[in-house]
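[1] 3D model of this:
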Amino acid sequence: MIFLSYAREDKNRVLKLFNNLIENGFEVWIDIRNILPGQKWSLEIEKAIHNSSLFLICLTKNSIDKRGVIQKEIRLALEYQSKLLDSDIFIIPCRLEECEIPDKISEYQGVDLFNDEDMLFLVNAIRSIETIKLLSKLDSIELNKNFQIEILSEYPTKLYAIFVKMTIILVLMIDDIESIKPYANKNLKKVISDFIIEELTQFMHHIDPERFYLRFHFSHVADEMSIENEIKMLLKNKLTEKFNFKVINIVIKQIDTDLTQRFESLISSATKLEFKVSPLNSGEELVYEGEFIVESVWEDGWHSFMTRNASLDEIGNAIERYLSSKLSNMPVDTLRYNDIRKLHQLKDISEKIVQEYVEKQFGLSVQLLYLTRARTQLETFNLTQNKEHEKIKQQIYRKAGQLIESVYL
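    Numbers count the residues shown, from 1 in each chain. Model (predicted):
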């Protein structure tokens, strides 16, 4: 805000200056426009001086020797200037006509406002001064130079109570000082960080954690963009829209990459199963073989998956023990299937048992690829006997054939 100090006799000329500054987009304080009826003018003037970024003293022959309010304003301005750095610009003497500059403010470079060209010079000077003041508050951020912000935060996902972590590294440039004036008295980097976190919180709230972890850099789903590229596009658009920044680069890093690596190891190959079942009311153990694959993280299983760091072998061993226990309660005829239909029936039952178990225990969705039963000892013996009988039968047929052939010869 620019404070205008003047003598009453120069009101009309100062109002012209006031209007010119307003037209050029500056916030200007002048008593006849800003002090409301009933307010204590001395208190309002003091507050306005302390809240201003520049103090313009409008000098004429009427004002340089005038006692009263203008002298009090100059005194308050000098007191405020004394609290600033020597390099800080605050007081600017403005001559509206040929006159002397009072000794008390003569050390400050003044400006003549005798014509339109002088007014244009003042407007440009104020813009330069405001730019310098603004940049000095931006925590080492410079105009037209890259600056970097690094944001580490946690974001909710589509699934209740499942959060993911990311580090966002932004490389930005300010090429329009007007766009950041609203943040002059704020920590700009914090304003940007808070804005990014808010935007990403809204975005990630609609993202499934499985997509975040498994399709972060690349998506095999048709017409689906990777999470990384979608976030980059979102942030670039939002930063340009909100701050008019030039976005130089955006780097996004997953923090929980061990989860991604662990899941990729789980889906890398099929795992063999081999287990024994002791049917009720039957003394002979049945041996089964099969294979399963991990397809995905179960929709409601992220907590289990994240907390249970189980390998494929550990999951396979658990499945074998569980199937051995559950299948032992099934009818012997079903377990001893003797046709393909019953085999498929047993496989479907077993797959449902496995899926429900692995979902609850490990938070994973799996598929049972196949299930077969090894022959029992009795079946092996009978098969061997049948083969021997078949062999003897073939020998008898061959000898009979030879005997018949010899008779005719």
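[2] touching, Y337 and R373? I think so.
    Yes. Y337 sits in contact with R373 when judged by Cβ atoms under 8 Å, with a separation of 7.1 Å. In this view, the C-beta of every residue, glycine as well, is placed from N, C-alpha and C.
[3] ok, the residue nearest to V287 when sequence neighbours are not counted - contacts?
    Nearest non-adjacent residue to V287, counting by Cβ to Cβ, 6 or more residues apart in numbering: A374, 4.1 Å away. The neighbours of A374, taking Cβ atoms under 8 Å, 6 or more residues apart in numbering as the test, are 286-289.
[4] show me how to select, in ChimeraX, the buried members of the residues you listed.
    Restricted to buried positions by 16 or more other Cβ atoms under 10 Å, the ChimeraX selection for the contacts of A374 reads:
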select :286,288
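[5] farthest pair in the contacts of A374?
    L286 and E289 (11.0 Å; Cβ to Cβ).
[6] residue ranges of each domain in the chain, please.
    For the chain, automatic domain parsing gives the domain ranges 2-136, 146-255, 262-374.
[7] can I get those in a markdown table with mean pLDDT and distance to R398?
    Formatted as a markdown table, those follow (pLDDT from 0 to 100; distance: least, Cβ to Cβ, whole Å):
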| stretch | mean pLDDT | distance to R398 |
| --- | --- | --- |
| domain 2-136 | 89 | 106 |
| domain 146-255 | 89 | 61 |
| domain 262-374 | 90 | 32 |
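[8] redo those domains as JSON lines? Include distance to Q394.
    JSON lines is the format used below for the domains of the chain (distance: least, Cβ to Cβ, whole Å):
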{"stretch": "domain 2-136", "distance to Q394": "101"}
{"stretch": "domain 146-255", "distance to Q394": "56"}
{"stretch": "domain 262-374", "distance to Q394": "26"}
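[9] which helix or strand contains E199?
    According to DSSP states H and E, E199 maps onto helix 188-204.
[10] using PDB, list the CA coordinates for that helix.
    What follows is helix 188-204, C-alpha atoms only, in PDB (Å, rounded to 0.1, in the frame of the first residue of the first chain):
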ATOM      1  CA  LEU A 188       5.300 -18.800  -0.800                       C
ATOM      2  CA  LYS A 189       6.900 -22.200  -0.700                       C
ATOM      3  CA  LYS A 190       4.600 -23.200   2.100                       C
ATOM      4  CA  VAL A 191       1.600 -21.800   0.200                       C
ATOM      5  CA  ILE A 192       2.600 -23.900  -2.900                       C
ATOM      6  CA  SER A 193       3.200 -27.000  -0.800                       C
ATOM      7  CA  ASP A 194      -0.200 -26.700   1.000                       C
ATOM      8  CA  PHE A 195      -1.900 -26.200  -2.400                       C
ATOM      9  CA  ILE A 196      -0.200 -29.300  -3.900                       C
ATOM     10  CA  ILE A 197      -1.100 -31.500  -0.900                       C
ATOM     11  CA  GLU A 198      -4.700 -30.400  -1.100                       C
ATOM     12  CA  GLU A 199      -5.000 -31.100  -4.800                       C
ATOM     13  CA  LEU A 200      -3.300 -34.500  -4.500                       C
ATOM     14  CA  THR A 201      -5.500 -35.400  -1.600                       C
ATOM     15  CA  GLN A 202      -8.600 -34.900  -3.700                       C
ATOM     16  CA  PHE A 203      -7.100 -36.700  -6.600                       C
ATOM     17  CA  MET A 204      -5.800 -39.800  -4.700                       C
END
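[11] may I see the buried residues of it?
    For helix 188-204, by 16+ other Cβ under 10 Å, it's 188-189, 192-193, 195-197, 199-200, 203-204.
[12] with stretch 349-364 instead?
    350-351, 353-355, 357-359, 361-364.
[13] what ranges do the strands span in the stretch 1-150 of the chain?
    2-5, 28-29, 54-59, 91-95, 111-112, 146-156 (DSSP state E, counting those that start in this stretch).
[14] need the contact list for the nearest residue to N244 once chain neighbours are set aside.
    Using Cβ to Cβ, 6+ apart and skipping the chain neighbours, the partner closest in space to N244 is S179 (3.8 Å). Neighbouring residues of S179 by Cβ under 8 Å, 6+ apart: 243-245.
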